[in-house]
Each structure stands twice: as C-alpha cells, then as structure tokens.
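1. Please find the sequence and the predicted model below.
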Amino acid sequence: MSAIVIGAGQAGLSVSHELAELGVEHVVLERAKPGQAWRDRWDSFTLVTPNWTLALPGSPYSGSEPEGHVPRDAIVGYLEDYARSVRSPIVEGVEVTRLSVDGSGLLAETTDGERVADAVVVCTGSFARQYRPSVLAAVPDPLILSSSEYRNPDQVPAGKVVIVGSGQTGCQIAEELIRSGRDVVLACGRAPWAPRRLDGTDIITWLDRTTFFDATVASLPSPAARFLANPQLTGAGGGHDLGFRTLQALGVRLAGHVDGCDGTRIGFVDDVTDSVVFADDWWAGMRAVMRAQLPAQGFGIPDMPVPPPFRSEPVDEVSLRDVGAVVLAAGFRPDYGWIDGEVCDELGFPVTLDGASLVMPGLFFCGVHFMRARRSALMFGVGRDAAIVAQEVAHAGA
C-alpha cells in the first residue's frame, strides 16, 4: 500500500501522523513549505482562535497562555516543529498539477515528474481561489489588492482604501489600516459577530463547550451556508472585540454591498443596517445555544452582552480618482479543478463519506470545511478527521 498526501498544512501533517501510526507508506508533497497558507498571511496576523487550539494529533498545546493569541510566525513554528517531531516524509517545492486515474492506481502529475500511488489524500484546503465579485469587474486591475497579497499598510498606495468584505479578514485589515492613518471604506456584507471574551474566557472556548463546532452540513439552512464568513474576531493586541461598531468608532466608514462600478466610481447599496442586524441576530442565536447547553456541561452561564443601538451613516459611492486600492476580502472558493473527474458538488466541495471520495476510488480528502463537522478544517478539529481518513486509507489497501 502506497499513498500520497498533497499539502503539508495542518490537515496534511495530521494525516501523515495518522498514516505513520498505522504503518502506511506515504509521502507528503508540498508546493512550498509546511504551513504555507499561514506563511502567506499578512505581517501582523495573529491566531484568531485561542492558543489552546494549536492541538494537532499527539501534540497538544503546552504553552503558558492557552487563552492568548500567538503571532503568525509562531503558528508556522508550531507546524514546523510538529512536522519534525512526527518525522513527516515531506518533499518541499513540489506542486501537483493534475490528478487522474491510472491503470495501476492514481497518477499525480507534478512539477517534479509523475508519481503513482494506491491512494491519494488531498489536503490543500477548501478555499484556494480568491473570490472577486462580478460587480467589481470594471475596477481597473492595478487598483485591486487581494487579501492574500496584503502584507502591511506601507504596501498600500496612497489614497482611500475600499475593502470589500466584512468577515474576519476584511475587519482585521480595516482596523490595521485605519490605525495607520488611512482613510478606509468597508463594504459590508453578512458576517457573524461575537464578543472576544465572556467573563475573561475566549468566545471560542465557550463555544467549544457546546455543540457549535460539531454542527454538520445537514444542520445548516442550506449547503451554501458553508460560505458564511467566519465571526468578526481578532487576536491582534492580545485579542479584543472587533466588528461594525468598533470599526465605526475608529473612523472606518461603513458602506453596504457593492452595487456596481462604471469605471469611474464604486456605488454601494444602502443596506449596512441589514448587515448589522444579521450579525446581531447571529450573536443572539449563540447566546441561546450557550444558555441551553452550558449548564448540562457543568458550566455556569457567563454574562453575555447585548449590542448597543447602531447608528447608520451609509456611504453612497466612492470616486475611483480618490482610491489607492480596492482590497478583496470577500472570501475564497474551492479549487479542485486540477483533479480529473467530477469529484465535487455544484458548490465545488468534494463529495465524500468520511473523507473517501464517492466518485474516484482511492481518492481521499481531509481539512475540508464542514467535511464531517464545522471543526473539520480547524487546527483543533482536523485531527479527528485525519484519524478516520487514515483508517479509510489503510482499509482500502487491506
């Protein structure tokens, strides 16, 4: 039995650990370096979840600040140390460009030649392609700066900065830019909000004490709900509240959805209040979940603040003459087009059962958003899926 693991992020390293435990011969192909997706974050990025979530299989968090938020380079360091400790057989600088069925197994065409294996586990993440809304088609390309390319405020050309997307990334970049003295307009969409801490304990820790992270796709309003933005949270500066109200108080001008661009101006829909209501309603739902579930788990109910009234001061339009950059932070989409087969659903997510492809025998996935549950792609949840996927691989070769 031979296997190829594609990607050396938290999913690929976890699968590698579990395959080694089962004695399955394998190699991990990584296009760059272990943890590359984290390396590609902006300079000041910090872990959004608390430090205790750095908990890959066999390597629980052992630091002194479990409720803190380490910087980007510490996350990369954790993954590098993990790869060394589990002796993962990583081949760096090799990208898989095509995957197809071969007469003797699965054929991986790479930048370093062809490889054939009995099983392939794809661990490249659910969201590899940055999404550019069609309403921004007329914005000149030189003005576009994708969130994956953003590094720091000094990189952004002079002028107003329009950020499209108000999830975690958009809000964090907006805060950094406004604090650096830039004029920032945030085009707001539907994104959840929650306070950073309740009674001194991180909101992620509280939610992990409920069934929140165990939710499945079947429990969502629709499969498309997998594209909902992550809650507006930040680990910057030790972690603090971040959302529409905090950004507005800092001087960020809040606009509604982008209505369109005619090449000279960007127009916005007057629906900022609707986005704020959506965020507040989501938090109300989380308060209800915690009230209902925490006592049964032996926890008291923390003080859970209700957001204050919101003052809407919508932005109608912005002239492109005044804009230095339009930052794309409207999310990412799945990108498995390099796999030769109809292995994904209409939304682009792999069709699997416990990580095993229901279309292509020998093909497996891990680290996919909501593959088995909400925690499937998270640092503190991917290990559960990795163990199951590794068992499936081993059984396929038995």
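-> Looks like it arrived, so ask away.
2. C-alpha from now on. contacts and neighbour counts both.
-> Noted.
3. where does this protein have low pLDDT?
-> Applying pLDDT under 70 to the chain flags residues 398.
4. measure the spatially most distant residue from the centre of it to residue 393 for me?
-> The C-alpha centroid of the chain is most remote from residue 103, which lies 36.0 Å away (CA atoms, centre = their mean). Residue 103 sits 19 Å away from residue 393, going by CA to CA, to the nearest Å.
5. Run a quick neighbour tally on residue 286.
-> Other residues near residue 286 number 18, with proximity taken as other CA atoms under 10 Å.
6. Give me the residues contacting the helix or strand in which it is found.
-> Here residue 286 sits within helix 272-293, counting by DSSP states H and E. For helix 272-293, contacts defined as CA atoms under 8 Å, 6 or more residues apart in numbering pick out 188-194, 206-207, 210, 244, 254-257, 301, 304, 306-307, 310, 312, 314.
7. neighbours of residue 154, just the number please.
-> Residues within reach of residue 154, counting by other CA under 10 Å, total 10.
8. any idea whether it is helix, strand or coil?
-> Classification of residue 154 by DSSP: H, G, I helix; E, B strand; the rest coil places it in helix.
9. returning to what we had before: residues in contact with the helix or strand following the helix holding residue 286?
-> Of the helices and strands lying after helix 272-293 in sequence (DSSP H and E), the nearest is strand 317-319. Residues outside strand 317-319 that contact it (CA under 8 Å, 6+ apart) are 264, 265, 266, 267, 268.
10. Quick check: bridge partners of the second one?
-> In this structure, residue 265 has beta-bridge partners residue 319, where bridges are defined by DSSP bridges.
11. Who are the contact partners of the closest residue to residue 67 other than its chain neighbours?
-> Of all residues not flanking residue 67 in the chain, residue 50 sits nearest, at 4.9 Å (CA to CA, 6 or more residues apart in numbering). Neighbouring residues of residue 50 by CA under 8 Å, 6+ apart: 66, 67, 68, 69, 202, 204, 205, 235.
12. Against residue 365, how distant is residue 40?
-> Going from residue 40 to residue 365 by CA to CA gives 22 Å.
13. should've said residue 181
-> Distance of residue 181 to residue 365, computed by CA to CA: 44 Å.
14. quick one: which of those two has more around it?
-> residue 365 (29 against 10).
15. Report the beta-bridge partner residues of the more buried one.
-> For residue 365, the beta-bridge partners are residue 122 (DSSP bridges).
16. hang on, it packs against residue 123?
-> Yes: in this structure, residue 365 is within contact of residue 123 by CA atoms under 8 Å, at 6.1 Å.
17. Report how many residues lie close to residue 290.
-> 21.
18. would you list every one of the helices in this protein?
-> With DSSP state H as the criterion, the chain has helices at 10-21, 36-39, 72-85, 168-179, 203-208, 244-250, 272-293, 382-396.
19. re the thing from before, going by neighbour count, which residues in the helix holding residue 286 are buried?
-> Residues 272-273, 275-276, 278-280, 282-284, 286-287, 290-291, 293 are the ones in helix 272-293 that count as buried (16 or more other CA atoms under 10 Å).
20. Would you mind listing the outside residues contacting stretch 119-131?
-> Here stretch 119-131 has contacts from 1-9, 11-12, 105-106, 146, 148, 328, 330-335, 349, 362-369, 377, 393, using CA under 8 Å, 6+ apart.
21. ditto for stretch 54-73
-> So stretch 54-73 is in contact with 10, 14, 17-18, 38-39, 41, 43-53, 75, 78, 82, 201-202, 235-236, 238-239, 379-380, 382-383, going by CA under 8 Å, 6+ apart.
22. Pick the one among the contacts of residue 50 closest to residue 164.
-> Among the contacts of residue 50, residue 235 lies closest to residue 164 (CA to CA), at 21.0 Å.
23. residues touching residue 367, list them.
-> Contacts of residue 367 (CA under 8 Å, 6+ apart): 10, 11, 12, 123, 124, 125, 126, 376, 377, 378, 382, 385.
24. Kindly provide the distance from it to residue 95.
-> Going from residue 367 to residue 95 by CA to CA gives 18 Å.
25. now do residue 138
-> 33 Å.
26. Could you do residue 160 as well?
-> From residue 160 to residue 95 the distance is 38 Å (CA to CA).
27. before we move on, back to that, if you go by neighbour count, which of the contacts of helix 272-293 are buried?
-> Buried by 16+ other CA under 10 Å: 188-194, 206-207, 210, 244, 254-257, 301, 304, 312, 314, out of the contacts of helix 272-293.
28. how far is stretch 215-234 from where the chain is centred?
-> Taking CA atoms, centre = their mean, to the nearest Å, one finds the center of stretch 215-234 at 12 Å from the center of the full chain.
29. tell me which residues in it are buried?
-> For stretch 215-234, using 16+ other CA under 10 Å, the buried residues are 216, 217, 226, 229, 231, 232, 233, 234.
30. Give me the residues contacting that stretch.
-> Here stretch 215-234 has contacts from 46-48, 166-168, 171-172, 190-196, 240-243, 331, 347, 369-374, using CA under 8 Å, 6+ apart.
31. from those, which would you call buried?
-> 46-48, 166-168, 171-172, 190-196, 241-243, 331, 369-374.
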